[in-house]
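>>> Quick one, what's the 3D model for this:
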Amino acid sequence: MAAAVAADAAAIKAPVLLVAGRDDAISPPANSESFAADLANARVQVLEQCGHWHPIEQPAALNAALREFL
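Numbering: from 1, shown residues only. Here you go, the predicted model:
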């Protein structure tokens, strides 16, 4: 990952859902909010009482967010 090249956010035209856990210390909601600001059509869904493992910690909330988005 150290050699990874940053995504060209301006090239992403599709709708984007960024999901973050409120208690995520690895990738906090601020990271998703910052990335969303660079995208043309993005929204951020923050899952409460959730850390980094969304499908394990909050599967119902994650599924609801995905269903609504899709």
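>>> now the helices for the chain?
With helices called from DSSP state H, the chain shows them at 29-37, 54-57, 59-69.
>>> can you list those in TSV and add distance to residue 4?
Yep, even glycine has a C-beta here, placed from its N, CA and C like the rest. Listed next are the helices of the chain as TSV, based on distance: least, CB to CB, whole Å:
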stretch	distance to residue 4
helix 29-37	14
helix 54-57	22
helix 59-69	25
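>>> Relative to residue 22, which of those is closest?
Closest of the helices of the chain to residue 22 is helix 29-37, at 6.4 Å (criterion: CB to CB).
>>> What mean pLDDT does the closest one get?
Regarding helix 29-37, the rounded mean pLDDT is 96.
>>> swap in stretch 11-21?
Stretch 11-21 shows a mean pLDDT of 96.
>>> again, but for stretch 57-69
Computed over stretch 57-69, the mean pLDDT rounds to 98.
>>> Contacts for that stretch, please.
Stretch 57-69 has contacts (CB atoms under 8 Å, 6 or more residues apart in numbering) with 15, 17, 19, 21, 43, 45, 47-51, 54-55.
>>> how about 10 Å then?
With contact meaning CB atoms under 10 Å, 6 or more residues apart in numbering, stretch 57-69 is reached by 15-17, 19, 21-24, 43, 45-51, 53-56.
>>> Measure how buried residue 13 is and give me the count.
Residue 13 has 9 neighbouring residues, counting by other CB atoms under 10 Å.
>>> same question, residue 70
A count of nearby residues for residue 70, using other CB under 10 Å, gives 7.
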